[in-house]
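Engineer: I'll drop the sequence and a predicted model, then ask my questions.
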Amino acid sequence: MRYEPMNPQTFDLFADAEPEQQPKCVQIGEQSCVLRGFALPWLDRVLPALEIVLAAAAFRQMVTPGGFTMSVALSSCGTLGWTTDRSGYRYTRHDPQTGKPWPAMPEVFLQLAQAAAQEAGFMDFAPDSCLINRYVPGSKMSLHQDKDEHDFAAPIVSISLGLPAMFLFGGFERSDKSQRIPLLHGDIVVWGGVDRLRYHGVLPIKDGTHPQLGEQRINFTFRTAG
Ligand code: MD6
Ligand code: FE
């Protein structure tokens, strides 16, 4: 008997599989959704790339224009990095701590951000900035809008790693009621369009130790800033 090569078109291992139980991007607003665990398969490439970025641009705490030291420590990669000091919030091409350009955005960061944006329905996402936030237990992010970018047409892709967080997803006024959205290791929030200027924040991170990342939460936010 002779073996014929199998026709790949008819050989479908998953032909009988159940349809996925939950939609891939879980809606939290009209044009915002959460991709649960989406980053997990990427982490063996993302974490080493993160180490390289942090070796060139270490986490540091920054001061707000109001004179408060943020509880979250920041770094950035990409053409533009978000910074704050007594004179305001802005994007810069250089790391104010080293005077050097921000580290390049690792290819795997860009690919993951684009894959997530696409899954949420935003095609052709071209981020030029990745802000990296580090929270230790007790760190928080007060309600704010992201409005330092030049153009609000592009979405923001936000990746959570390490300790869990309770994300606050509010309305268009600071006083609007917020939804509380738990974000776990590997979750990605994508938002844009009509939701782009919603207030949002993070409640104080609870004590704990994450098996891979230890006593911290790391959040990446990818934006088209310039
Ligand atoms: C954080 N995130 O999750 C803070 N901003 O640690 C943000 O401030 C944020 O997740 C814009 C869009 C998505 C975000
Ligand atoms: Fe934000």
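Structural biologist: Now that the structure is in, tell me what you want to look at. Ligands and ions are numbered 1, 2, ... in the order given.
Engineer: Determine how far the last residue of stretch 150-170 lies from the first.
Structural biologist: 22 Å (C-alpha to C-alpha, to the nearest Å).
Engineer: so where do the strands sit in the protein?
Structural biologist: 25-29, 32-35, 60-63, 69-77, 81-85, 88-92, 129-135, 141-144, 156-162, 165-169, 179-183, 188-191, 200-202, 217-223 (DSSP state E).
Engineer: Could you dump those strands into CSV with distance to ligand 1, mean pLDDT and mean neighbour count added?
Structural biologist: C-betas here are computed from N, CA, C, even on glycine. Converted to CSV, the strands of the chain look like this (distance: least, C-beta to the nearest ligand atom, whole Å; pLDDT from 0 to 100; neighbours: other C-beta atoms under 10 Å):
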stretch, distance to ligand 1, mean pLDDT, mean neighbour count
strand 25-29, 11, 96, 16
strand 32-35, 9, 98, 23
strand 60-63, 14, 98, 14
strand 69-77, 7, 98, 19
strand 81-85, 10, 97, 20
strand 88-92, 12, 96, 14
strand 129-135, 5, 98, 23
strand 141-144, 5, 96, 15
strand 156-162, 3, 98, 26
strand 165-169, 6, 98, 20
strand 179-183, 7, 98, 15
strand 188-191, 5, 97, 27
strand 200-202, 5, 98, 21
strand 217-223, 3, 98, 24
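Engineer: Reformat the ones you listed as TSV; add distance to residue 115.
Structural biologist: Supplementary listing: the strands of the chain in TSV, determined by distance: least, C-beta to C-beta, whole Å:
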stretch	distance to residue 115
strand 25-29	12
strand 32-35	9
strand 60-63	30
strand 69-77	18
strand 81-85	23
strand 88-92	24
strand 129-135	14
strand 141-144	25
strand 156-162	9
strand 165-169	21
strand 179-183	18
strand 188-191	9
strand 200-202	22
strand 217-223	11
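Engineer: List phi and psi for residue 87.
Structural biologist: Main-chain dihedrals, residue 87, degrees, to the nearest 10: phi -90, psi 0.
Engineer: so who does the residue nearest to it when sequence neighbours are not counted touch?
Structural biologist: Nearest residue to residue 87 in three dimensions, chain neighbours excluded: residue 65, at 6.9 Å (C-beta to C-beta, 6 or more residues apart in numbering). Applying C-beta atoms under 8 Å, 6 or more residues apart in numbering to residue 65 gives the contacts 84, 85, 86, 87, 88, 89.
Engineer: Return the set of residues that bridge with the most centrally placed residue in the chain.
Structural biologist: By C-alpha atoms, centre = their mean, the mean C-alpha position of the chain lies nearest to residue 158, the distance being 2.0 Å. Here residue 158 sits in beta bridges with residue 189, residue 221, going by DSSP bridges.
Engineer: Please report how far it lies from residue 28.
Structural biologist: In this view, residue 158 and residue 28 are 12 Å apart by C-beta to C-beta, to the nearest Å.
Engineer: what touches both of these two?
Structural biologist: Jointly contacting residue 158 and residue 28 under the rule C-beta under 8 Å, 6+ apart are 189, 191.
Engineer: ok, for residue 110, nearest residue in space, not its chain neighbours?
Structural biologist: Using C-beta to C-beta, 6+ apart, the nearest residue to residue 110 is residue 127, at 6.9 Å.
Engineer: so what's residue 30 up against?
Structural biologist: By C-beta under 8 Å, 6+ apart, the neighbours of residue 30 are 193, 194, 195.
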